[in-house]
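A.B. asks: Take this sequence and fold it.
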Amino acid sequence: MATQAKYAAVDGLHTFPRLLFHHATVRPNAPAMREKYLGIWQTWTWADVADRVRALACGLASLGFKRGDNLAIIGDNRPHLYMMMTAAQCLGGVPVPLYQDAVAAEMLFVLQDAGVRFAIVEDQEQVDKLLEIKDQLPSLEHIVYDDPRGMRHYTQPFLHDVHELMEMGRIHDRNHSDFLNAEVEKGHFDDVSVMLYTSGTTGKPKGAMHTHCALTYTVRGYNTLISRSEADETMCFLPLCHIAERMGGEYFSLYTGARLNFVENPDTVPENVREIAPTVFTAVPRVWEKFYSGVMIALKEGTRLQQAVYGWGIGVGHRIAELVMAGQPVPALLKAQFRLARWLALDNVRKLIGIHRARFLVTGAAPISPELVKWYLALGVPMLEVWGMTETCGASTGVPIDRIKPGSIGPAASFNQLRLDPETGELQVKGANVFAGYLNLPEKTAETFTADGWLRTGDVGTVDAD
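C.D. replies: Numbering: from 1, shown residues only. Reported below is the predicted structural model:
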């Protein structure tokens, strides 16, 4: 913990509530979140988000939420669900996001294991799931819902509309004006910040606990490798309980001030991406494959001239991509051809996807075809592969923008060390980004580490000359 303590003392912004209120102070009127609702993009500034988080936190406190409580969060990516995560952290609580498409029986173990007393859900569908299993959850006391549609005839006293909760919180805040500031100040960098459950494909899910320090340290270190700023636009559409969404979306935003844009639903991702045109776009390989397939389908429906122009243009792009990947200079004539190729075809392809403003793309969570990485680079947009796992804050390596090498996950990030087991080739990790352990499973936690303190990842790799 010496490294974490040294980092945490640098600027005092070592918990996410502190980062949020910092942005609300230094850039209060800058957009923080956007969501498309009824066909119109709604915007919340940093001051708006801080105000709502304050109201939600005080509302939770008025219901009895206290330090150490776990808050279940279930639904698609929605601004109020993100705000509730920070609200829980303001009080020293721990958000526990769950997969929104899980059935009630699949949620039961996690809710029991985490001893959840409070939950916030997106809509009636998620409320019904919790009501279905509430008899088996004696600890569950309150359920907050974001979308009131269909909830008119639900009269249970433990159900609360999120706006009613905020109003309760504002009353609490007026009556106890120093309460929340004091709670935020109690927050420590070694407090558990979030708990993300593993998929449970080889057994019951395990609650991986991450501290504020591990997450903020990782975001800070990763930002030196794949840099973002308050001018960036990002998309929120991966499952909110996935470490890729937590790191690539919410946490990077809270650290850098970048804007979060929430898609309407999973089916509208392509449309919403085109509307926002993110400057930094993080996704998993299947998303990049769908975009590529969409372009190929559109191309088949085009004229022969359009197909011929695209074929020539992408060929120019591939020649440049090969030179860039080899670290060789691009001749002036080829640069001129590429400018023409972009004007005639490639810029239109980028606009069709919605990546025409993207400085770079980030892919991870599963292997991606090297040919797909080359194709995006041929369009003129670098794609950077990253590797990590839930237990390493989702980040351990990354391909630098000036050293793109398809099929590689890049070098170790500065905040951690990697080594290979000499007998098995297993990748093992040590660093400030390694998780704090599994909830209620000290033996499983111990098994995850080697005798000399390295995290066993279960992944096998090789190290080349780069």
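A.B. asks: Kindly list the longest helix within the chain.
C.D. replies: helix 304-325 (DSSP state H).
A.B. asks: Could you pull out the strands in the stretch 151-300 of the chain for me?
C.D. replies: Assigned by DSSP state E, counting those that start in this stretch, the strands in the stretch 151-300 of the chain fall at 159-161, 192-197, 207-211, 233-236, 259-262, 280-283.
A.B. asks: To Ala50, which of those lies closest?
C.D. replies: Closest of these to Ala50 is strand 259-262, at 14.3 Å (criterion: Cβ to Cβ). Bear in mind the C-beta positions are built from the backbone N, C-alpha and C, glycine included.
A.B. asks: Work out the gap between the closest one and the centre of the chain.
C.D. replies: 11 Å (Cα atoms, centre = their mean, to the nearest Å).
A.B. asks: Setting the sequence-adjacent residues aside, check what's closest to the spatially most central residue of the chain.
C.D. replies: For the chain, Glu245 is the residue whose C-alpha lies nearest the centre (Cα atoms, centre = their mean; 1.9 Å). Take Glu245 and drop its neighbours on the chain: the residue closest to it by Cβ to Cβ, 6 or more residues apart in numbering is Leu238, 3.9 Å away.
A.B. asks: What is the neighbour count of the one you found?
C.D. replies: For Leu238, the count of nearby residues is 21 (other Cβ atoms under 10 Å).
A.B. asks: what sits against it?
C.D. replies: 77, 244-245, 248-249, 282-284 (Cβ atoms under 8 Å, 6 or more residues apart in numbering).
A.B. asks: Over to Pro28?
C.D. replies: 45-47.
A.B. asks: Toward the C-terminus, what is the element adjacent to the worst-scoring helix or strand of the chain on mean pLDDT?
C.D. replies: Between all helices and strands in the chain, the lowest mean by mean pLDDT, DSSP states H and E belongs to helix 2-8, at a mean of 42. Once helix 2-8 ends, the next helix or strand along the chain (criterion: DSSP states H and E) is helix 16-26.
A.B. asks: what comes up buried for whichever helix or strand comes after that next one?
C.D. replies: The element immediately downstream of helix 16-26 (helix or strand, assigned by DSSP H and E) is strand 31-37. Buried residues in strand 31-37, counted by 16 or more other Cβ atoms under 10 Å: 31-36.
A.B. asks: and these, which two are the farthest apart?
C.D. replies: Applying Cβ to Cβ across the buried residues of strand 31-37, the maximum distance is between Ala32 and Lys36, 15.7 Å.
A.B. asks: Centre of the chain to the helix or strand hosting Gln89, how far?
C.D. replies: Per DSSP H and E: Gln89 is located in helix 79-90. Remark: helix 79-90 is offset 14 Å from the chain centroid, using Cα atoms, centre = their mean.
A.B. asks: residue boundaries of the strands in the stretch 301-450 of the chain?
C.D. replies: Under DSSP E, counting those that start in this stretch, the stretch 301-450 of the chain gives strands at 360-363, 383-387, 397-398, 416-420, 426-431, 437-438.
A.B. asks: so which of the ones you listed comes closest to Tyr376?
C.D. replies: Short answer: strand 383-387, nearest of the strands of the stretch 301-450 of the chain by Cβ to Cβ, at 4.4 Å.
A.B. asks: what's the average pLDDT for the closest one?
C.D. replies: Over the span of strand 383-387, the pLDDT mean works out to 93.
A.B. asks: and the angle for it with strand 426-431?
C.D. replies: Using axes from the mean of the first three to the mean of the last three Cα atoms, to 10 degrees, the direction of strand 383-387 lies 90 degrees away from that of strand 426-431.
A.B. asks: Flag the shaky bits of this protein, pLDDT-wise.
C.D. replies: Residues of the chain that meet the criterion pLDDT under 70 lie in 1-12, 200-202.
A.B. asks: Would you mind measuring from the residue nearest to the centre of the chain to Ala283?
C.D. replies: Glu245 sits 10 Å away from Ala283, going by Cβ to Cβ, to the nearest Å.
A.B. asks: Also Ala231?
C.D. replies: Distance, Ala231 to Ala283, using Cβ to Cβ: 20 Å.
A.B. asks: ok, now Gln124?
C.D. replies: As judged by Cβ to Cβ, Gln124 and Ala283 stand 29 Å apart.
A.B. asks: Same drill for the two, tell me which one is more crowded.
C.D. replies: Ala283 (23 against 16).
A.B. asks: for Trp44, helix, strand, or coil?
C.D. replies: Three-state assignment for Trp44 (DSSP: H, G, I helix; E, B strand; the rest coil): strand.
A.B. asks: how many other residues sit next to it?
C.D. replies: A count of nearby residues for Trp44, using other Cβ under 10 Å, gives 20.
A.B. asks: same question, Gly294
C.D. replies: Neighbour tally, Gly294, other Cβ under 10 Å: 13.
A.B. asks: Over to Ala326?
C.D. replies: Neighbours of Ala326 (other Cβ under 10 Å): 8.
A.B. asks: which ones are touching it?
C.D. replies: Ala326 neighbours (Cβ under 8 Å, 6+ apart): none.
A.B. asks: Next one: it from Lys405, what distance?
C.D. replies: As judged by Cβ to Cβ, Ala326 and Lys405 stand 10 Å apart.
A.B. asks: can you check Lys351 too?
C.D. replies: Lys351 sits 28 Å away from Lys405, taking Cβ to Cβ as the criterion.
A.B. asks: Show me which of these two is the more surrounded one.
C.D. replies: For Lys351 and Lys405, the more surrounded residue by other Cβ under 10 Å is Lys405, and the numbers stand at 16 against 13.
A.B. asks: sorry, back to before: for His318, which of the strands of the stretch 301-450 of the chain is the nearest?
C.D. replies: His318 lies closest to strand 383-387 among these, at 13.9 Å (Cβ to Cβ).
A.B. asks: Please tell me how far the closest one is from the chain's geometric centre.
C.D. replies: What separates the centre of strand 383-387 from the centre of its chain is 15 Å, taken as Cα atoms, centre = their mean.
A.B. asks: how about it as CSV, C-alpha atoms only?
C.D. replies: Provided in CSV are the C-alpha atoms of strand 383-387 (Å, rounded to 0.1, in the frame of the first residue of the first chain):
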residue,chain,number,x,y,z
MET,A,383,-7.2,1.2,-33.0
LEU,A,384,-5.5,0.5,-29.7
GLU,A,385,-5.7,-2.9,-28.1
VAL,A,386,-5.7,-3.1,-24.3
TRP,A,387,-5.7,-6.1,-22.0
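A.B. asks: now the angle from it to strand 416-420?
C.D. replies: 80 degrees.
A.B. asks: please begin residue numbering at 603 from this point
C.D. replies: Sure thing, new numbering starts at 603, so read that last one as strand 985-989.
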